[in-house]
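**Student:** The sequence isn't on hand, but the structure is:
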């Protein structure tokens, strides 16, 4: 196996680091969040924008609601109006938020009805005709949202509304989900009309926002991975044709959608004196819940055999915000954080990550992989503590994306001064593939974070390729250089090269991809 230029660079810039922190979350990663899918953060992307003409911008994408079935009507995937969705930026390296973009949602039921005989009867569907971005006459359920920018502590800092640059409005419309071609004939054009230019307080250059359904861009062989890593060729070298081993397995998320909160912000408005920023996304709900305090509807159909008004209503929540979802670096609350601490991690803050230190410095995943694939030459590195993982996931890499002054904390870190790689030239292995604009220097949609994190977990960064230091574990050297893969590889054709970068969502009717 040849060692890539990016792998050599990444190893060369590692330095002695303090331990601490943990990793992050994704699809159905913790017990509690499985009961609240509307606030389940699935993926977080942060990268220097590579759309033509958008140099100097950073794109932030927070995805929520895993496994959205395109045919999941008549109640489609609205966001939770009782929840608080946030994208947080740390531009000081302290593990605390410097800027927080807060999103709140409102769902409106128009109560559309039709005359059935002499009765006006509410319809059971979310729309009664084709939908338009400029008219709600046929739309029974609609959503809008507000954005507030908070500087400093997200709970005590001063918040200022973000406004539409064209209208000055503090309320933004969200497109309906992709029901199908009869309801929304050209969904791509329809959705694009909901991209808003925005005025950001304290920023002289407008940004952009889009909130709506997108095709899930995460690529993973999910089912086989959780079936005791039931992958036929877990390393490329074992496959009959190693060049194709990374695309031999199905993408378990193909055909599913997510709801994306996408922001594009000038880099100068995110970074402080240091061009490196850290980011993560959270969702919070109120601590207290009162169930069914009032009737849900005042409508009544009053005749023999008719349906009476529903005596119950939605829950009302109050009290302080309680964080229930957190996501910075991808995947690892699923496969690194132990079961007893998964909910605790989702409720925690980066500044308190030292409590999860053992999951990073003494990871269990390499040991499990050795147990499952030891006969194939897989050997967990006998190197503890794993300071290489601390660098990759908690502090950033010195000389690449490590802040000048850094507290170890689980955040996705991006050097905003790194030159972008054009879409057609991006390497999906990111820095390991020689593409310094890719993961873990931020995360782009194309980055194959599963394969990258597998290889890093198995010790690819431990080998001293420059000869300046002794191999920390010669016995595992061959295993550390294996090209680990889950067998599912991203396809560049499945992503947009313009904001919001994630593709048109799969349609409920017809069900062919990205109609």
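**Tutor:** Sure thing, it's come through. Model, not experiment: these values are computed from the prediction. Residues are numbered from 1 along each chain as shown.
**Student:** Contacts only, for residue 256.
**Tutor:** 66-70, 215-216, 506 (Cβ atoms under 8 Å, 6 or more residues apart in numbering). Backbone N, C-alpha and C define where each C-beta goes, glycine included.
**Student:** List buried residues within the residues you listed.
**Tutor:** The neighbour-count test (16 or more other Cβ atoms under 10 Å) applied to the contacts of residue 256 identifies 66-68, 70, 215-216, 506 as buried.
**Student:** would you list every one of the helices in this protein?
**Tutor:** For the chain, the helices defined by DSSP state H cover 5-12, 187-192, 222-226, 332-335, 342-346, 357-361, 365-373, 387-390, 449-457, 477-480.
**Student:** Okay, buried residues for the fifth one please.
**Tutor:** Residues of helix 342-346 classed as buried by neighbour count (16+ other Cβ under 10 Å): 342-343, 345-346.
**Student:** that older thread, can I get the helices of the chain in a markdown table including distance to residue 425?
**Tutor:** Converted to a markdown table, the helices of the chain look like this (distance: least, Cβ to Cβ, whole Å):
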| stretch | distance to residue 425 |
| --- | --- |
| helix 5-12 | 14 |
| helix 187-192 | 25 |
| helix 222-226 | 29 |
| helix 332-335 | 28 |
| helix 342-346 | 36 |
| helix 357-361 | 32 |
| helix 365-373 | 31 |
| helix 387-390 | 28 |
| helix 449-457 | 18 |
| helix 477-480 | 28 |
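**Student:** Tabulate the ones you listed (CSV), appending distance to residue 132 and mean pLDDT.
**Tutor:** Output for these, formatted as CSV (distance: least, Cβ to Cβ, whole Å; pLDDT from 0 to 100):
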stretch, distance to residue 132, mean pLDDT
helix 5-12, 47, 34
helix 187-192, 8, 97
helix 222-226, 37, 81
helix 332-335, 40, 67
helix 342-346, 39, 86
helix 357-361, 50, 89
helix 365-373, 49, 92
helix 387-390, 50, 90
helix 449-457, 38, 94
helix 477-480, 56, 93
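**Student:** Determine the longest strand present in this structure.
**Tutor:** What stands out as the longest strand in the chain, according to DSSP state E, is strand 276-290.
**Student:** In the sheet, which strands lie alongside it, parallel or antiparallel?
**Tutor:** Strand 276-290 sits in its sheet next to strand 84-90 (antiparallel), strand 316-327 (antiparallel), strand 412-415 (antiparallel), going by DSSP bridges.
**Student:** Burial-wise, tell me which of these comes out on top.
**Tutor:** Per-stretch averages of neighbours, counted by mean count of other Cβ atoms under 10 Å, single out strand 412-415 among the strands paired with strand 276-290, with a mean of 27.
**Student:** what does the average pLDDT come to for that one?
**Tutor:** Per-residue pLDDT over strand 412-415 has a mean of 97.
**Student:** my guess is residue 436 contacts residue 418, does it?
**Tutor:** Yes: Residue 436 is within contact range of residue 418, at 5.9 Å (criterion: Cβ atoms under 8 Å).
**Student:** looking at it, residue 413 is touching residue 402, isn't it?
**Tutor:** Yes: Residue 413 is within contact range of residue 402, at 7.3 Å (criterion: Cβ under 8 Å).
**Student:** Identify the contacts common to these two.
**Tutor:** Shared contacts of residue 413 and residue 402 (Cβ under 8 Å, 6+ apart): 276, 396.
**Student:** Could you find the closest non-adjacent residue to residue 360?
**Tutor:** Using Cβ to Cβ, 6 or more residues apart in numbering and skipping residues adjacent in sequence, the residue nearest residue 360 is residue 389, 5.1 Å away.
**Student:** dump the residue contacts of residue 75.
**Tutor:** When contacts are counted by Cβ under 8 Å, 6+ apart, residue 75 touches residue 126.
**Student:** er, residue 401 actually
**Tutor:** The neighbourhood of residue 401, defined by Cβ under 8 Å, 6+ apart, consists of 276, 413-415, 418, 440-442.
**Student:** just residue 70 next, same as before
**Tutor:** By Cβ under 8 Å, 6+ apart, the contact set of residue 70 is 177-178, 255-257, 505-508, 511.
**Student:** Repeat that for residue 201.
**Tutor:** Contacts of residue 201 were listed using Cβ under 8 Å, 6+ apart, and they are 149, 160-162.
**Student:** Same check on residue 368?
**Tutor:** Applying Cβ under 8 Å, 6+ apart, the residues near residue 368 are residue 229.
**Student:** 6 Å - rerun?
**Tutor:** Residues counted as contacts of residue 368 (Cβ atoms under 6 Å, 6 or more residues apart in numbering): none.
**Student:** follow-up on the earlier one: which other residues reach the longest strand of the chain?
**Tutor:** 39, 41, 44, 46, 62, 83-91, 270-271, 315-328, 401, 403, 411-415.
**Student:** Buried ones in it, by neighbour count?
**Tutor:** Those would be 276-286, for strand 276-290 by 16+ other Cβ under 10 Å.
**Student:** Any idea how far it is from the middle of the chain?
**Tutor:** Taking Cα atoms, centre = their mean, to the nearest Å, one finds strand 276-290 lying 13 Å from the centre of the chain it belongs to.
**Student:** State the distance from the nearest residue to residue 421 once chain neighbours are set aside to residue 417.
**Tutor:** Distance criterion Cβ to Cβ, 6+ apart; nearest residue to residue 421, sequence neighbours excluded, is residue 437 at 4.4 Å. Counting by Cβ to Cβ, to the nearest Å, the gap from residue 437 to residue 417 is 11 Å.
**Student:** coming back round to it: do I have it right that the residue nearest to residue 421 meets residue 415?
**Tutor:** No: in this structure residue 437 lies outside contact range of residue 415 using Cβ atoms under 6 Å: 9.0 Å.
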